[in-house]
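# Need a 3D model of the following:
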Amino acid sequence: MESGERKQYEWIRVDQDKCISCGDCVEFCPRDVLRLDNQGFPYMAYRDDCWYCDVCTFVCKPKALSLEEVPYLIK
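Have a look, this model is predicted:
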């Protein structure tokens, strides 16, 4: 899957201007969903395993991550 294709299927949005590539989001993800790409930015390697718990956005010190609303997620 190409990088552009990959991002279209992700629920986590990364503001690359704010991201400092610290890896905290990857380290603290309870489902081990996130990885850092070759440029040091997080992406959802295993999006189907995501619990939408929002831990990644909470631990992001520069507030570079946001969790989009997933249309099929039952609330």
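# Check the secondary structure at Tyr43 for me.
Here Tyr43 is recorded as strand under DSSP: H, G, I helix; E, B strand; the rest coil.
# number of nearby residues for the nearest residue to it once chain neighbours are set aside?
In this structure, Tyr43 finds its nearest non-sequential neighbour in Asp37, 5.4 Å apart by CB to CB, 6 or more residues apart in numbering. (Each C-beta comes from the backbone N, C-alpha and C, glycine too.) Using other CB atoms under 10 Å, Asp37 is surrounded by 14 other residues.
# cool, Asp17 as well?
The burial count assigned to Asp17 is 7, neighbours taken as other CB under 10 Å.
# So it belongs to a strand, correct?
No - going by three-state DSSP, the assignment for Asp17 is coil, not a strand.
# Excluding chain neighbours, what is closest to it?
In space, not counting the residues next to it along the chain, Asp17 is nearest to Ala64; the distance is 7.9 Å by CB to CB, 6+ apart.
# Go ahead and confirm the one you found touches Arg13.
No - using CB atoms under 8 Å, Ala64 is not in contact with Arg13, being 9.1 Å away.
# who's more crowded, the two?
Between Ala64 and Arg13, counted using other CB under 10 Å, the more crowded position is Ala64 (21 against 12).
# Tyr46 is in contact with Ile12, isn't it?
No - if you go by CB under 8 Å, Tyr46 and Ile12 don't touch, sitting 11.7 Å apart.
# Mind jotting down where the strands sit in this structure?
Remark: strands assigned in the chain by DSSP state E are 12-14, 34-36, 42-44, 65-67.
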